[in-house]
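In: this one's sequence-less:
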């Protein structure tokens with residue numbers, strides 16, 4: 001049984017990202033991004049699916065790669081869905 005406090009603390013550790021959106025906008029494959037970052041291509045997949053939270057260093061490198069502020073790529077709250085006006 002998961003206690004409410006455990007569920008809340010686990011949720012606080014979730015890092016949401018827009019890596020797939022940024023890759024699609026720029027026509028960058030997972031493999032290309034991985035090569036540019038010096039990580040395994042599966043790491044990019046783990047990041048995109050939220051199975052792995054990046055180190056601060058990696059998060060900053062990803063933001064630098066896409067030439068956007070880190071807050072555009074990562075958030076502690078879910079990003080609004082594209083086209084959601086509410």
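Out: Received, thanks. Remember, it's a predicted structure, so these values are computed and weren't measured experimentally. Numbering: from 1, shown residues only.
In: how about the residue nearest the centre of the chain: what's its closest non-neighbour residue?
Out: With distances taken as CA atoms, centre = their mean, residue 17 lies nearest the centre of the chain, 2.9 Å away. Counting by CB to CB, 6 or more residues apart in numbering, residue 74 is the residue found nearest to residue 17 once chain neighbours are left out, at 5.2 Å. Glycine gets a C-beta too; all of them are placed from N, C-alpha and C.
In: same question, residue 16
Out: In space, and not counting its chain neighbours, residue 16 is closest to residue 75: 4.8 Å by CB to CB, 6+ apart.
In: so who does the one you found touch?
Out: Applying CB atoms under 8 Å, 6 or more residues apart in numbering, we find residue 75 in contact with 15, 16, 17.
In: how many neighbours does residue 72 have?
Out: Residues within reach of residue 72, counting by other CB atoms under 10 Å, total 15.
In: the protein: strands as residue ranges?
Out: Ranges of strands within the chain are 16-17, 74-75, based on DSSP state E.
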